[in-house]
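Give me the fold of what follows.
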Amino acid sequence: MIYEIHEAKAAMSWPARKAVITESTMVAGEDGSFPRISGTFPDTKTTLTVRRFAYGEVSTASSSSRYLALYPVGRVTDVYCDPHDPSFVILYGVIAYYKLHQEPQRTSRDRVIPS
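Numbers count the residues shown, from 1 in each chain. Here you go, the predicted model:
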């Protein structure tokens, strides 16, 4: 748990980048199904796969479904990249507890591009 808190504090300072969601689906794996959210960075046209939603989170079927619903294909949103490993991308640069216990708010910065 201390590792999670340490990593969460570091992630709060990671830079945000705009990304376009290109995949938002459940994928079958050896240990059951898991959500996969992928996208591209419009500025560089490079692809990304979200490694985790946020630090401090325990994923459940309901939270996974909620994230998939919040991040449909075509949505333009901020993601947070580890400056030491730019391939490590998370959706929230805050401790998950705060995000999961607040109703998600759409802002004028978030928009969905029709597919």
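
Any buried residues in the biggest strand by length in the chain, and which?
Taking DSSP state E as the criterion, the chain has its longest strand at strand 16-29. Within strand 16-29, the residues scored as buried using 16 or more other C-beta atoms under 10 Å are 17, 19-21, 24. Any C-beta I mention is one placed from the backbone N, CA and C, and that applies to glycine too.

Looking at the residues you listed, spot the one nearest Arg75.
Distance to Arg75 across these (C-beta to C-beta) is lowest for Ile21, with 4.7 Å.

how close does the closest one sit to Arg52?
Distance of Ile21 to Arg52, computed by C-beta to C-beta, to the nearest Å: 16 Å.

ditto for Leu68
Distance from Leu68 to Arg52, by C-beta to C-beta: 14 Å.

At which residues are the helices of this protein located?
Assigned helices in the chain, in chain order: 2-11, 61-70, 96-100 (criterion: DSSP state H).

Could you tell me the least trusted of these?
Lowest mean pLDDT within the helices of the chain: helix 96-100, a mean of 46.

Can you tell me, leaving aside adjacent residues, what's nearest to Thr47?
Using C-beta to C-beta, 6 or more residues apart in numbering and skipping the chain neighbours, the partner closest in space to Thr47 is Thr40 (5.4 Å).

so what's Phe88 up against?
51, 81-82 (C-beta atoms under 8 Å, 6 or more residues apart in numbering).
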